[in-house]
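Undergrad: Predicted coordinates and the sequence they were generated for:
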Amino acid sequence: MDLEVTIKVKRVRVQSNSACYRLPAYATRGSAGLDLQACLNNPLAVAPGDRALVPTGLAIEMPHGNMVGLVFIRSGLAAKHGLSLANAVGVIDSDYKGEIYIPVINQGDKEYIIHPGERIAQLVFVPVIKAVLQEADELSSTQRGSGGFGSTGTF
């Protein structure tokens, strides 16, 4: 069973090419993320070690406050070219209504050119559980306890 929710999408940027006129789409029936495209008039060069803010030309409206949009770089760009998100994972809160930008960093050893309309990232919608924090003097014990990295022997 597929769960579906309607997300309103607004085009907020008008460019001279058609890259900004296509709405994000799922590449396959099993895709978890919608492909976000670079809404650019001209190619954008990102040198090794540099960061760039890539506009998508889109703003969204989620229907309620118990969901979040998570943005991830496309895995092929990371594996083949060293392109990553500058903030690891982008978080689009349900009350944000501005344009979605993709902050990228080139961790590779060669310049990467982002082309107008290129699929640059993926947008995944996820439910959010609001936590009610309760201060406590003690926490229940577990076998692991406060052991950190490598404490389970798998690091």
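TA: That came through fine. Computed from a predicted model, the values in this text were never measured in an experiment. Numbering: from 1, shown residues only.
Undergrad: C-alpha from now on. contacts and neighbour counts both.
TA: Will do.
Undergrad: show me the contacts for the most centrally placed residue in the chain.
TA: For the chain, residue 71 is the residue whose C-alpha lies nearest the centre (C-alpha atoms, centre = their mean; 0.9 Å). Contacts for residue 71 (C-alpha atoms under 8 Å, 6 or more residues apart in numbering) come out as 89, 90, 91, 92, 102, 121, 122, 123, 124.
Undergrad: That one pairs with what?
TA: residue 90, residue 123 (DSSP bridges).
Undergrad: Can you check the pLDDT for it?
TA: Residue 71 is assigned a predicted lDDT (pLDDT) of 98.
Undergrad: so what does the helix or strand bottoming out on mean pLDDT in the chain touch, helix or strand wise?
TA: None of the helices or strands of the chain scores lower by mean pLDDT, DSSP states H and E than strand 25-26, at a mean of 90. Counting contacts by 3 or more C-alpha pairs under 8 Å, 6 or more residues apart in numbering; DSSP states H and E, strand 25-26 packs against strand 34-37.
Undergrad: Direction included, what does the strand it packs on pair up with?
TA: strand 25-26 (antiparallel), strand 119-127 (antiparallel).
Undergrad: how about the helices in the chain?
TA: 75-81 (DSSP state H).
Undergrad: Which residue of it lies farthest from its centroid?
TA: The chain, C-alpha atoms, centre = their mean, max distance from centroid: residue 137 (37.1 Å).
Undergrad: so who does that residue touch?
TA: Neighbours of residue 137 in contact, by C-alpha under 8 Å, 6+ apart: none.
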